[in-house]
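S.K.: no sequence for this one, just the structure:
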């Protein structure tokens with residue numbers, strides 16, 4: 001709850017640039033609350049068709065909640081940053097959870 005507003009501010013700033021992709025890395029997150037999950041969905045929508053969007057999530061604190069909510073169908077979720085960057089750089093359309 002405390003870090004979601006900071007993430008939102010920084011991500012929206014990046015989305016206002018000519019960046020072609022945005023990766024949200026949750027590797028250091030130990031608890032993903034509903035506010036953070038809602039923010040990920042919102043950022044994905046705001047990225048739209050103009051930008052690629054991916055989430056790095058692995059383990060019970062981050063990947064598991066996304067999986068339980070079925071968000072692997074909506075978000076491109078990758079277990080490692082290198083996987084997310086590679087998928088975005090390669091233009092891969094796979095958005096299934098890989099965690």
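M.R.: Here it is on my side, so go on. These figures come from a predicted structure and were not determined experimentally.

S.K.: Now do the longest helix along the chain: which elements does it pack against?
M.R.: Counting by DSSP state H, the longest helix found in the chain is helix 34-47. The contact analysis (3 or more CB pairs under 8 Å, 6 or more residues apart in numbering; DSSP states H and E) places helix 34-47 against helix 4-15, strand 21-25, strand 52-56, helix 63-68. Just so you know, the C-beta spots here come from the backbone N, C-alpha and C atoms, and that holds for glycine as well.

S.K.: 7 Å - rerun?
M.R.: Packed against helix 34-47, as judged by 3 or more CB pairs under 7 Å, 6 or more residues apart in numbering; DSSP states H and E, are the following elements: helix 4-15, strand 21-25, strand 52-56.

S.K.: To residue 36, which of those lies closest?
M.R.: Closest to residue 36 of the helices and strands packed on helix 34-47 is helix 4-15 (CB to CB; 5.0 Å).

S.K.: Show me what the most centrally placed residue in the chain bridges to in the sheet.
M.R.: For the chain, the residue nearest the mean C-alpha position is residue 55 (2.6 Å; CA atoms, centre = their mean). When bridges are called by DSSP bridges, residue 55 pairs up with residue 24, residue 77.

S.K.: how close does it get to residue 21?
M.R.: 12 Å (CB to CB, to the nearest Å).

S.K.: Low-confidence ranges, the chain, go.
M.R.: 1, 91-99 (pLDDT under 70).

S.K.: in it, what residue sits furthest out from the centroid?
M.R.: Farthest-from-centroid check, the chain (CA atoms, centre = their mean): residue 18, 18.4 Å.

S.K.: Give me whichever of the helices and strands packed on helix 34-47 is most buried.
M.R.: Among the helices and strands packed on helix 34-47, strand 52-56 has the highest mean neighbour count (mean count of other CB atoms under 10 Å), at a mean of 23.

S.K.: which ones are touching residue 65?
M.R.: By CB atoms under 7 Å, 6 or more residues apart in numbering, residue 65 lies in contact with 32, 37.
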